[in-house]
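**Q** Give me the fold of what follows.
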Amino acid sequence: MSTAALRARLAGLVAGAVLLAPHVAHACSVCTGGQSPDVGRAFLLGSLALSVLPLAAVGGLSLFLWRRARALARSAALREISAQPGV
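**A** Numbering: from 1, shown residues only. As a prediction, this is how the structure comes out:
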């Protein structure tokens with residue numbers, strides 16, 4: 001059997017497995033949401049946490065860089081003042 005035929009057969013098997021996987025597992029991404037209010041709340045809180053986490057990471061990095069730039073500017077200004085003659 002040629003390599004192209006093997007690849008085509010493998011691709012067909014993978015596609016079939018992916019298409020049949022939810023049916024075999026009797027599940028989908030939202031089926032468990034209606035089981036109880038606790039499960040729905042857990043999905044909501046998980047979604048909120050995953051939405052806020054990247055924003056908090058970018059905000060924290062931005063705050064760190066801003067404070068570091070201010071500290072470097074302040075130290076450079078102090079060096080200039082101390083380097084002036086007569087001070």
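
**Q** Quick check: what element follows the helix or strand containing Ala8 along the chain?
**A** Per DSSP states H and E, Ala8 falls inside helix 3-25. Downstream of helix 3-25, the first helix or strand assigned by DSSP H and E is helix 37-83.

**Q** any idea how far that following helix is from the chain center?
**A** Offset of helix 37-83 from its chain centre (C-alpha atoms, centre = their mean, to the nearest Å): 15 Å.

**Q** For that helix, the averaged confidence score.
**A** The average pLDDT within helix 37-83 is 92.

**Q** quick one on the thing from earlier: can you show me the CA trace of the helix holding Ala8 as CSV?
**A** Below are the C-alpha coordinates for helix 3-25, written out as CSV (Å, rounded to 0.1, in the frame of the first residue of the first chain):
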residue,chain,number,x,y,z
THR,A,3,2.1,6.2,1.6
ALA,A,4,-0.6,8.4,0.3
ALA,A,5,-3.2,5.6,0.7
LEU,A,6,-2.0,5.0,4.3
ARG,A,7,-2.3,8.7,5.1
ALA,A,8,-5.8,8.9,3.6
ARG,A,9,-6.9,5.8,5.6
LEU,A,10,-5.4,7.2,8.8
ALA,A,11,-7.0,10.6,8.2
GLY,A,12,-10.4,8.8,7.7
LEU,A,13,-10.0,6.8,10.9
VAL,A,14,-9.0,9.9,12.9
ALA,A,15,-11.9,11.9,11.5
GLY,A,16,-14.3,9.1,12.3
ALA,A,17,-13.0,8.7,15.8
VAL,A,18,-13.4,12.5,16.4
LEU,A,19,-16.9,12.5,15.0
LEU,A,20,-18.0,9.5,17.0
ALA,A,21,-16.2,10.4,20.3
PRO,A,22,-19.1,12.6,21.7
HIS,A,23,-21.6,10.0,20.8
VAL,A,24,-19.6,7.2,22.5
ALA,A,25,-19.0,9.3,25.6
